[in-house]
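> Everything below, folded, please.
(one chain, ligands or ions: 1)
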Amino acid sequence: MKLILLGAPGAGKGTQAEIISEKYNIPTISTGNIIRAALKEGTEMGIRAKAYTERGELVPDEVVIGIIKERLALDDCKEGFILDGFPRTIPQAQALDNMGIAVDAALSIEVADSEIVKRMSGRRVCASCGASYHTEFKKPEREGICNLCGGELVIRKDDEAETVKNRLKVYHEQTEPLKSYYKAQGKLLEVEGQDKVSDTTALVLGALSEI
Ligand code: AMP
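Okay, here's the model as predicted:
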């Protein structure tokens, strides 16, 4: 299965991607996680991306397209993959098409802006492996500690209220048009994000069983 997850920041893409990944035994490729890892390591790409991510803006297309090209060429993507956070612009979607990669579906998780703002304040991520948690909706087994790797759970810098507002604006202006793009290809699936992770998962798996 080659799947794209669409949806506003905080809609639950990363959380659902982890679950689908395990169920279908395919990797999740999160451009956000790759960029955060590069930032932490201080690589050239990370340094270039820093100012954009901190303002809640998108990193230039050519940078993320380069990241995705390299990542999709690795062996573990042969049986399929989930793209979480890519594409985010029409040129990125066109670049994917031009790579000859035909996805099976683009699944959009719909959540109202007002709900997103509430959710983002409780979001935590693992500083080591990038796994996502929530203080109310997806608590770790031990407070402040990642279930998967034991890393420390932190608040993402770009989850601060003002940055979230900008990220939502960027989402509506630049990423939401991708729904029409994939609808025209007959590949768009839409589900309503629910409060409980497992309720959203049920809708997501139901939608995926139809492809
Ligand atoms: P995310 O974790 O997916 O919310 O991504 C965090 C930040 O990384 C975004 O706000 C962007 O600055 C950058 N980013 C991640 N994916 C992309 C992408 N496909 N295109 C441009 N910028 C991206």
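
> C-alpha only now, for contacts and for neighbours.
Will do.

> remind me which residues of this protein are low pLDDT?
For the chain, applying pLDDT under 70 flags no range at all.

> Could you report the neighbour count for the closest residue to Tyr171 other than its chain neighbours?
Ranked by CA to CA, 6 or more residues apart in numbering and with sequence neighbours excluded, the top spatial neighbour of Tyr171 is Ala8, at 6.1 Å. Other residues within reach of Ala8, judged by other CA atoms under 10 Å, total 23.

> Might you report the residue contacts of Ala8?
Ile109, Glu110, Val111, Ile116, Leu168, Tyr171 (CA atoms under 8 Å, 6 or more residues apart in numbering).

> Nearest to Glu210 among those?
Of all the contacts of Ala8, Glu210 sits closest to Ile109, with 16.2 Å by CA to CA.

> Okay, and the beta partners of the closest one?
Beta-bridge partners for Ile109, by DSSP bridges, are Gly7, Val191.

> Tell me if I'm right that it and Lys13 touch.
Yes. With contact defined as CA atoms under 8 Å, Ile109 reaches Lys13; the gap is 7.2 Å.

> Between those two, which contacts overlap?
Joint contacts of Ile109 and Lys13 (CA under 8 Å, 6+ apart) are Leu5, Leu6, Gly7.

> tell me the contacts of the last one?
The one in question is Gly7. Lys13, Ser108, Ile109, Glu110, Val111, Glu176.

> that older thread, do you know how far the residue nearest to Tyr171 is from Glu136?
Distance, Ala8 to Glu136, using CA to CA, to the nearest Å: 19 Å.

> swap in Asp113?
Counting by CA to CA - Asp113 and Glu136 are separated by 18 Å.

> which of the two has more neighbours?
Asp113 (17 against 12).

> Just confirm that one contacts Asn166, I think it does.
No. In this structure, Asp113 is not within contact of Asn166 by CA under 8 Å, at 11.6 Å.

> burial measure for Thr89, as a count.
If we define neighbours as other CA under 10 Å, then Thr89 has 19 of them.

> do Ala93 as well
Residue neighbour count, defined by other CA under 10 Å, stands at 17 for Ala93.

> Please name the nearest non-neighbouring residue to it.
Pro87 (5.3 Å).

> Same check on Lys50?
Distances taken as CA to CA, 6+ apart place Leu39 nearest to Lys50, at 6.6 Å, with adjacent residues excluded.

> Give me the distance from stretch 56-64 to the chain's centre.
Relative to its chain's centre, stretch 56-64 lies at 14 Å (CA atoms, centre = their mean, to the nearest Å).

> Buried ones in that stretch, by neighbour count?
Residues of stretch 56-64 classed as buried by neighbour count (16 or more other CA atoms under 10 Å): Gly56, Glu57, Leu58, Val59, Asp61, Val64.
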